Each structure stands twice: as C-alpha cells, then as structure tokens.
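J.: Provided below are the primary sequence and the corresponding predicted coordinates.
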Amino acid sequence: MICQEATGLPAASVEMLRQQCMLNVNMPDGGLTGGAQFANGPCSRTGALGGCQIMAGGAAVTNWYCDDGSGLLTPADVMTLCAGLGTFVPA
C-alpha cells in the first residue's frame, strides 16, 4: 500500500490530486485490482516502511510505502526506490 501526502498545495491542486487518485482506481494494471481512498490530511505512519519525498514549487509530496505483511518490501527497498527521485524519509 502506498499513501501519498502533499503539503503546501493550493486548493485547486488538492482537488486535482483527489480526482487523479480516484481515476487511477479504474486503470487496468496487468490484471491487478486495487482501491483508492482520498483524505485531506496526513498519512498514517502505522506500518510505514519509509517515504520518498519530492519538493516542487514550494510543495512537498511524500509517497509513504507500507508493509503489506508479505515481507517482500523493506525500508532498504524504499530507500533504493527513492535514490535519484527524491529524499528518503524514515517512518
């Protein structure tokens, strides 16, 4: 599970982010199904392995990666995902 947290965005951008979140639920991805929820607030850190933060135009967007119980994703994996894309943020 991934939770995307954005701070410093204007209201119009928050609405656009909400629409994109709900649109992506219906996108086929190799037969995988998913679900999405939108909340205008911070992501829970419960079960979080770490985040990858990108700064853009005064806004901070952090993708928090959460443990799904499979043991296939570790904090070190999240750190590797962030390399070259953003800044790793420990949970």
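T.: On my side now, so go ahead.
J.: which residues of the chain fall in strands?
T.: 2-7, 48-56, 59-66, 87-89 (DSSP state E).
J.: how about TSV for the ones you listed, with mean neighbour count added?
T.: For glycine as for every other residue, the C-beta is placed from the backbone atoms N, C-alpha and C. Formatted as TSV, the strands of the chain follow (neighbours: other C-beta atoms under 10 Å):
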stretch	mean neighbour count
strand 2-7	15
strand 48-56	18
strand 59-66	19
strand 87-89	16
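J.: which among the ones you listed is found nearest to residue 19?
T.: strand 2-7 (13.3 Å; C-beta to C-beta).
J.: so which elements touch that closest one?
T.: Other helices and strands packing on strand 2-7, by 3 or more C-beta pairs under 8 Å, 6 or more residues apart in numbering; DSSP states H and E, are helix 11-24, strand 59-66.
J.: can we see that at 6 Å?
T.: strand 59-66 (3 or more C-beta pairs under 6 Å, 6 or more residues apart in numbering; DSSP states H and E).
J.: mind checking which of the strands of the chain is nearest residue 40?
T.: strand 2-7 (9.7 Å).
J.: angle of that closest one against strand 59-66?
T.: 160 degrees (axes from the mean of the first three to the mean of the last three C-alpha atoms, to 10 degrees).
J.: neighbouring strands - and their directions - for strand 2-7?
T.: In the sheet, strand 2-7 lines up against strand 59-66 (antiparallel) (DSSP bridges).
J.: hey, C-alpha coordinates of the partner strand in PDB?
T.: This file holds the C-alpha atoms of strand 59-66, laid out as PDB (Å, rounded to 0.1, in the frame of the first residue of the first chain):
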ATOM      1  CA  ALA A  59       5.100  21.900  -2.000                       C
ATOM      2  CA  ALA A  60       6.300  18.600  -0.500                       C
ATOM      3  CA  VAL A  61       4.900  15.400  -1.900                       C
ATOM      4  CA  THR A  62       5.800  12.200   0.000                       C
ATOM      5  CA  ASN A  63       4.900   8.700  -1.100                       C
ATOM      6  CA  TRP A  64       4.700   6.500   2.100                       C
ATOM      7  CA  TYR A  65       5.300   2.800   1.500                       C
ATOM      8  CA  CYS A  66       3.600   0.500   4.000                       C
END
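J.: that's all I had, so thanks and see you.
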